[in-house]
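A.B. asks: give me a model of this one.
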Amino acid sequence: MSVPSFHPDVADQHLRVDIDHWDDVYVVGDVHGCLPALERLVDRLDPSEDDLVVFVGDLVRKGPDSKGVVDYVRERDNFLTVRGNNEEKLIRGTKEIDALTDDDLEWISDLPVAITWDGAIVVHGGVHPEKPLDEHDVDALENTRAMNPGDSYDGPFWFEHYEGPERVFFGHTVMAHPAVFKHAMGLDTGAVYGGALTAYDLHADELVAVDSEVTHESRKDSKVLEPRQPALV
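C.D. replies: Residues are numbered from 1 along each chain as shown. The predicted structure is shown next:
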């Protein structure tokens, strides 16, 4: 299968992986500094060193332990993540996390904006169905949510209209439960807001989630989407 064609600003920030080299692949939603939830989810998944774990970005901010989450992911060679809009804020200096070292920030700045394998794209925000992939710059891939301009929860949403060809795994849009469509899967189930941290087991074709158990930041109900597509069972 051919490699997707990206915008010039993204092309050198794209990581291609061969999933045939891995026994299983897990894709994990937004962690936002919730280290205990991440630890419990990984314990439940129980990945071996021959399994690949891919995050949809936003490892950091809002939750209490961004440094712990970054360390947890960095020290595992089979853990990969794309850069989310909250990582981008650190790189651009619009937000700061005192606990993160210069080395951490360098690691974050080197993260890919997109990770792909045959038939799949992992980005933080999404892919607007009315624009070719190669017209999506870094900001678009990290922040796309609604079909209309702006970071809106009013919809209509890109993933309700996107028809591939690749299936896009994404976060950014907080869901009451995962959004599961033929060509898109949203995995941000609001761990930092008292929801759950969710992963998708690619080979088993099933969702795995753990409750966050703690609400670190409040969020209006209007900012938590109830996707029309039911979750996998």
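A.B. asks: Leu15 and Ile115 touch, don't they?
C.D. replies: Yes - with contact defined as Cβ atoms under 8 Å, Leu15 and Ile115 form a contacting pair (4.8 Å). For the C-beta atoms, the positions are set from N, CA and C on the backbone; glycine is no exception.
A.B. asks: out of the two, which sits in the busier spot?
C.D. replies: It is Ile115, of Leu15 and Ile115, that has more neighbours when counted by other Cβ atoms under 10 Å, with 24 against 16.
A.B. asks: what packs against the one helix or strand that one maps to?
C.D. replies: Taking DSSP states H and E as the criterion, Ile115 maps to strand 114-117. Under the contact definition 3 or more Cβ pairs under 8 Å, 6 or more residues apart in numbering; DSSP states H and E, strand 114-117 sits against strand 14-16, strand 120-122.
A.B. asks: make it 6 Å
C.D. replies: strand 14-16 (3 or more Cβ pairs under 6 Å, 6 or more residues apart in numbering; DSSP states H and E).
A.B. asks: next helix or strand past the strand it packs on?
C.D. replies: strand 25-28.
A.B. asks: that following strand: how far from the chain's middle?
C.D. replies: 10 Å (Cα atoms, centre = their mean, to the nearest Å).
A.B. asks: what lies in contact with it?
C.D. replies: Residues outside strand 25-28 that contact it (Cβ atoms under 6 Å, 6 or more residues apart in numbering): 19, 45, 52-55, 169, 199-202.
A.B. asks: do that again at 7 Å, thanks
C.D. replies: Contact with strand 25-28 is made by 19, 41, 45, 47, 51-56, 122, 169, 187, 199-203, as judged by Cβ atoms under 7 Å, 6 or more residues apart in numbering.
A.B. asks: and stretch 92-105, by the same measure?
C.D. replies: Everything outside stretch 92-105 that qualifies as a contact, by Cβ under 7 Å, 6+ apart, is 60-61, 66-67, 70, 89-90.
A.B. asks: again, 8 Å this time
C.D. replies: Stretch 92-105 is contacted from outside by 60-61, 66-67, 70, 74, 86, 89-91, 108, using Cβ atoms under 8 Å, 6 or more residues apart in numbering.
A.B. asks: then stretch 29-42?
C.D. replies: With Cβ under 8 Å, 6+ apart, stretch 29-42 has contacts from 28, 53, 55-66, 68-69, 72, 84, 86, 171-172, 174, 178, 187-189, 191-192, 196-199, 208-214, 216.
A.B. asks: quick one: buried ones out of the residues you listed?
C.D. replies: Among these, those classed as buried by 16 or more other Cβ atoms under 10 Å are 28, 53, 55-66, 68-69, 72, 84, 86, 171-172, 174, 178, 187-189, 191-192, 196-199, 208-210, 212, 216.
A.B. asks: let me see the contact set for Met147.
C.D. replies: Contacts of Met147 (Cβ under 8 Å, 6+ apart): 128-130, 155-158, 161.
A.B. asks: again, 7 Å this time
C.D. replies: Met147 is in contact with 156-158, 161, counting by Cβ under 7 Å, 6+ apart.
A.B. asks: again, but for Gly194
C.D. replies: 212, 214-215.
A.B. asks: again, only using 6 Å
C.D. replies: 212, 215 are the contacts of Gly194 under Cβ under 6 Å, 6+ apart.
A.B. asks: how near is it to Asp9?
C.D. replies: Distance, Gly194 to Asp9, by Cβ to Cβ, to the nearest Å: 36 Å.
A.B. asks: again with Ser212
C.D. replies: For Ser212 relative to Asp9 (Cβ to Cβ), the value is 34 Å.
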